Structures are given as C-alpha cells and as structure tokens.
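S.K.: only geometry, no sequence info:
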C-alpha cells in the first residue's frame with residue numbers, strides 16, 4: 001500500500017509548516033499585486049483590513065454606507081466583524097451601490113466573522129470553505145467576480161477574492 005505525500009505528513013509537522021505556508025501565501029499575494037500594478041492596464045481598488053467589530057465603523061462613521069463611500073473601493077474585505085447573522089439589519093445588508101457577502105461564527109455569538117462588500121453587480125458566486133471544522137468560526141468568504149476590462153478590448157475578466165481572517169498562531173497549536 002502506498003500513500004500520497006500529502007497524507008504522509010504527521011499532524012505535528014503540518015502544524016509546524018502552517019505558519020510558513022501562511023507567509024508564502026502572503027508573499028505570493030504581494031507578488032501578484034505587484035504584477036497587476038506593473039503590467040495590468042485595468043486597475044481595481046481592493047481594500048482589506050481587520051476592524052475589530054463592524055459596530056466600531058458605524059460608531060465612527062455614522063453608517064457603513066458612509067464608510068464605504070469614503071473608501072470608494074471596488075471591493076472591501078472586512079475581517080473580525082464580530083456580529084451574528086440575527087444581528088444584521090437592513091443598513092448592513094442593503095448598502096446602496098454594494099453587494100454584501102457574510103460569513104458568521106456558529107460556535108460563539110459576536111465572534112470573528114468576515115464580510116466582503118462589492119461595488120456593482122459583478123459577483124458570479126460566493127461561498128465558504130464548506131468544511132464544517134473550518135467554517136464554524138466564520139473566517140473565510142470566497143467571492144468570484146467578472147468584469148469588462150475596457151483597457152483590453154472589452155474582454156470579460158475573472159477575479160477570485162479570498163477574504164480570510166487568520167487565527168492568532170500565538171495561542172497554541174489548537175488555533176492553527
């Protein structure tokens with residue numbers, strides 16, 4: 001009986017390699033961003049950050065709509081929303097000019113959570129990881145988009161955005 005290399009890694013080795021994989025993924029994203037900025041004629045403004053509770057944005061800016069209008073981004077990825085699905089109101093769900101996609105923690109109310117706001121109707125699909133042990137903390141939402149690139153003969157372009165809230169690795173191996 002033979003096993004594939006992926007299944008032959010011990011759990012402790014996998015946990016050891018996880019932080020390095022995260023750094024490699026970040027470096028990959030930075031190189032991709034650099035490539036897009038240097039060689040693409042189409043520029044899309046994507047902003048991503050941890051807000052430590054979406055209510056803090058509302059308290060500071062008056063509304064999520066004011067916040068998004070101030071940013072004027074095509075896609076805004078927010079991590080650590082700290083809101084449950086039953087706490088959403090129409091002001092968060094129906095922001096004029098934006099579609100919103102949410103993932104919530106199902107294990108603890110007001111814990112973690114991510115949201116992606118997308119300007120225009122460019123989103124083809126939105127999904128979670130679809131593996132319960134990863135989805136239960138509400139740390140990932142994946143959105144697929146299509147847009148017309150007017151700088152490239154009006155070709156239809158695809159874009160996939162992974163909005164991911166990564167757990168703190170300093171809290172021990174059980175969090176990774």
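M.R.: Looks like it came in fine. In this text the structure is predicted, and so the values were computed from the model without any measurement.
S.K.: Residue 113 and residue 105 touch, don't they?
M.R.: Yes. Contact criterion CB atoms under 8 Å: residue 113 and residue 105 qualify, at 5.7 Å. Bear in mind the C-beta positions are built from the backbone N, C-alpha and C, glycine included.
S.K.: which neighbours do these two share?
M.R.: By the contact definition CB atoms under 8 Å, 6 or more residues apart in numbering, residue 113 and residue 105 are jointly contacted by residue 138.
S.K.: quick one: low-confidence ranges for the chain?
M.R.: For the chain, residues meeting the criterion pLDDT under 70 lie at 1-26, 28-29, 31-43, 150-151, 169-176.
S.K.: Just the strands from it, written as ranges.
M.R.: Ranges of strands within the chain are 46-50, 75-79, 98-103, 114-119, 123-127, 140-149, 155-164, based on DSSP state E.
S.K.: Format the ones you listed as TSV; extra columns: mean neighbour count and distance to residue 92.
M.R.: Below are these laid out as TSV (neighbours: other CB atoms under 10 Å; distance: least, CB to CB, whole Å):
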stretch	mean neighbour count	distance to residue 92
strand 46-50	14	17
strand 75-79	23	11
strand 98-103	20	7
strand 114-119	23	8
strand 123-127	14	16
strand 140-149	18	14
strand 155-164	14	16
